[in-house]
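Student: only geometry, no sequence info:
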């Protein structure tokens, strides 16, 4: 009598568990598939390459996710206690070898496949003609410095830093090269031209993050970190800080504007004029 | 084969009489295990209360509440809650309960020992952990409040003092001191576990007959021994930077709000990240391995089938333990570390997916052809498998630096580590608690209330953490006290509201558990049999709760593997490890 009751109970629970897993899997897959919350479109060639690797990874993890969750749901329902005898086996070496090798090939292969997208931006530096922009993080603003017409960055000194008097990066005005340097709280770049960012931080670690570039890079105090990209789609893009930098971390925000070459030249001239 | 002669490892001891020696400064591994569990239970409710406040603020950042000074939570208060939530959960719950709690109680019994190898050291390590918790909680009450640097506490934010933020003064110092003390406690614990497992196994308890729980506690202890020493060193260096004017992690030429820092130069912020993550990644496995052990153990017990691929499981646990030390760099893809190292770390990290997949396949194999019984312990074990898969697969994205660049320090990461390290590990603990409660306290947890708790929690955690993946894909950075800085974040606010509501319901469900725990402790159904689950391992061969010296002075002898269920030819569908072959009833 008692055993029949546990059997009935086990069918209900098994069914509920299996159903939950099926529904959870379907809903999850649907939301990924329908791209309800998704990446904004990439604006660099590298970004498209990264998106392609995302697609491959989604495919593989998606298949494994569905297979594992549904497999679990099936096993839970099929092998619920309904009075049968459990079968006795302690394993199967052939199966162990097959799924070990299969996951090695799948996972490590995926990792090797991702090499190109990484190498392109990280193993190779910017080309010599790239537009250099120095990015300085400080609690809780970004500053962007352009070398100006002379193409040379002027000297900076920590003791000259004074955000309150309009010298947030500590530009040394006694250095002739610093005369035409442009410092701006927003960044503008020309469309289709390679840009090299030189990331620095004055105080704590910050992180430069633009979603549409598919790039994120910490700005680390004491280090100069270079990164490069070529944006191909004009527009305005948000810059967020992605490394906890203190109480104002959430509002350390700026804008990246990608504009055509003519607009960019005009923008640079306007900034120069404003700096004088 | 290691044999343990009576008196060789340690003396057989008698129960102490006084209350203090029996329940407070006890050297009985069972009492200490329960002390650890109580400490973790207290901590998990503190940590959860902090997350409740965080979710309240994230959902409704401008809402005013009487319990905040000034009515509204400030960004620094949010970050302090976040830092302490992470710290308390990782160290005082995930590190403490599965290993020091359940491990302390059941490792000696499952291997047939009367106690841990060093009972006094065991007591010392618990009370050191307790001091560490007290010191950390004190951080809330000093001027400036608790630290705001996150549980990873990256310098220079964590090294420069109050000048970089409230909470970075006295609060941060207490945090580091508390953590250093915790490291000491964990090192003592790890040493004890390793020695106990190697030295005190009963006759016949060969390595091949160890329950998988013991294997995972053993490997976890080795990880702890190797990892916490490094974190201890890192904490001491950071403390010296703060208090003694050294510059291990602080470079020269820093300017904080227009003030030049002249007294530091030459240090490297990345050095901390390397040291921290050399500890931090194995820590993930310290949290999850015991859960894997419990899940394997219960899936076998309640499918009435041997573990599928016992040797492969042991190899996978050891593989995860070893590889766990080779992958810390995947936390540093955006840190400015060499891109060549990043690529190497990436491939190694993809490799660690292999033993994890092996375990999953073997769990399914264990269920296959079984006779599954759905009690609360088993439900949580099955939930563990589902959550482990869901939380583990997102790791394949984060392990690839090209993809991690976008997701790093965002909500995708928050979803990933909460599912696998937080929730899956906690499901392992719940499974263990429902399973072992009758052994520990002589009473069952209520199954009916337990099922309500299971379903609300299982559905709840998926509803909280699945949507966080989507926030991450949309680019939402983590550790933001509100999502108001720009248009794309404002657009994600409804998802935050949804997650907050799901979190409130799930947290509410834990009160059901708390009620069940306290009620069952005093009024639960009595566990009259020694072995109510018809399980095989040694803890089920002794009374519930076990006597002071576990086996009544008689050392058990082990004749069987740990998972002999439904063996053909036997009358019962389980053969206890201690049952002499001539006593096994034939069908």
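Tutor: Received, thanks. Only a predicted model underlies this, so the values are computations on that prediction, with no experimental measurement involved.

Student: gap between the residue in chain A that chain B sits nearest to and residue A:109?
Tutor: Closest to chain B within chain A is residue A:222: 2.5 Å, counting by Cβ to the nearest Cβ. All C-beta atoms are positioned from the backbone trio N, CA, C, and that covers glycine. Distance of residue A:222 to residue A:109, given as Cβ to Cβ, to the nearest Å: 38 Å.

Student: rewinding a little: what residues are up against the residue of chain A closest to chain B?
Tutor: Residues in contact with residue A:222 (Cβ atoms under 8 Å, 6 or more residues apart in numbering or on different chains) are B:251-254, B:267-269.

Student: double-check that it belongs to a helix.
Tutor: No - judged by DSSP: H, G, I helix; E, B strand; the rest coil, residue A:222 forms no part of a helix; its state is coil.

Student: looking at residue 63 now. What's its pLDDT?
Tutor: By default, I'm working from chain A. In this model, residue A:63 is scored at 96, pLDDT.

Student: hm, I was asking about chain B
Tutor: 86.

Student: what of the one 4 residues further on?
Tutor: The model reports residue B:67 with a pLDDT of 74.

Student: go on, residue B:562?
Tutor: 97.

Student: next: residue A:215.
Tutor: Per the predicted model, pLDDT is 95 at residue A:215.

Student: quick check: which element contains the residue nearest to it when sequence neighbours are not counted?
Tutor: The shortest distance from residue A:215 to any non-neighbouring residue, by Cβ to Cβ, 6 or more residues apart in numbering or on different chains, is to residue B:405 (5.7 Å). Using DSSP states H and E, residue B:405 sits within helix B:401-407.

Student: kindly report the same for residue B:432.
Tutor: helix B:424-441.

Student: elements contacting that helix?
Tutor: helix B:29-59, helix B:104-111, helix B:269-303, helix B:376-393, helix B:447-473, helix B:493-523 (3 or more Cβ pairs under 8 Å, 6 or more residues apart in numbering or on different chains; DSSP states H and E).

Student: ok, back up a step: report the entries of the contacts of residue A:222 that also contact chain A.
Tutor: B:251-254, B:267-269 (Cβ under 8 Å from any Cβ of the partner chain).

Student: in a markdown table: the residues you listed, plus distance to residue B:55.
Tutor: Converted to a markdown table, those look like this (distance: Cβ to Cβ, whole Å):
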| residue | distance to residue B:55 |
| --- | --- |
| B:251 | 37 |
| B:252 | 41 |
| B:253 | 40 |
| B:254 | 35 |
| B:267 | 37 |
| B:268 | 36 |
| B:269 | 31 |
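
Student: closest to residue B:445 out of these?
Tutor: Nearest to residue B:445 out of the ones next to chain A among the contacts of residue A:222 is residue B:269 (Cβ to Cβ; 47.2 Å).

Student: so for the closest one, what's the pLDDT?
Tutor: Confidence score, pLDDT, at residue B:269: 97.

Student: in chain B, what residue lies closest to chain A?
Tutor: Closest point on chain B to chain A, by Cβ to the nearest Cβ, is residue B:251, at 2.5 Å.

Student: so that residue touches residue A:224, yeah?
Tutor: No - under the criterion of Cβ atoms under 8 Å, residue B:251 makes no contact with residue A:224, lying 11.3 Å away.

Student: more neighbours, these two?
Tutor: Of the pair residue B:251 and residue A:224, residue B:251 is the one with more neighbours under other Cβ atoms under 10 Å in any protein chain shown, namely 20 against 12.

Student: how about the helices of the stretch 151-300 of chain B, start to end?
Tutor: Assigned helices in the stretch 151-300 of chain B, in chain order: B:170-199, B:212-243, B:269-303 (criterion: DSSP state H, counting those that start in this stretch).

Student: residue A:190: which of the ones you listed is closest?
Tutor: Across the helices of the stretch 151-300 of chain B, closest to residue A:190 is helix B:269-303 (Cβ to Cβ), at 32.9 Å.

Student: which elements pack onto that closest one?
Tutor: Counting by 3+ Cβ pairs under 8 Å, 6+ apart, the packing neighbours recorded for helix B:269-303 are helix B:212-243, helix B:310-323, helix B:339-367, helix B:376-393, helix B:424-441.

Student: so which elements touch the shortest one?
Tutor: Counting contacts by 3+ Cβ pairs under 8 Å, 6+ apart, the secondary-structure elements packed against helix B:310-323 are helix B:212-243, helix B:269-303, helix B:339-367.

Student: shaky segments in chain B?
Tutor: B:1-14 (pLDDT under 70).

Student: repeat that with 90
Tutor: B:1-23, B:62-72, B:257-258, B:528, B:552-553, B:587 (pLDDT under 90).

Student: quick one, what contacts residue B:179?
Tutor: Residue B:179 makes contacts with B:87, B:91, B:132, B:136, B:231, B:235, as judged by Cβ under 8 Å, 6+ apart.

Student: can we see that at 10 Å?
Tutor: Residues in contact with residue B:179 (Cβ atoms under 10 Å, 6 or more residues apart in numbering or on different chains) are B:87, B:91, B:132, B:135-136, B:151, B:153, B:228, B:231-232, B:234-235, B:238-239.
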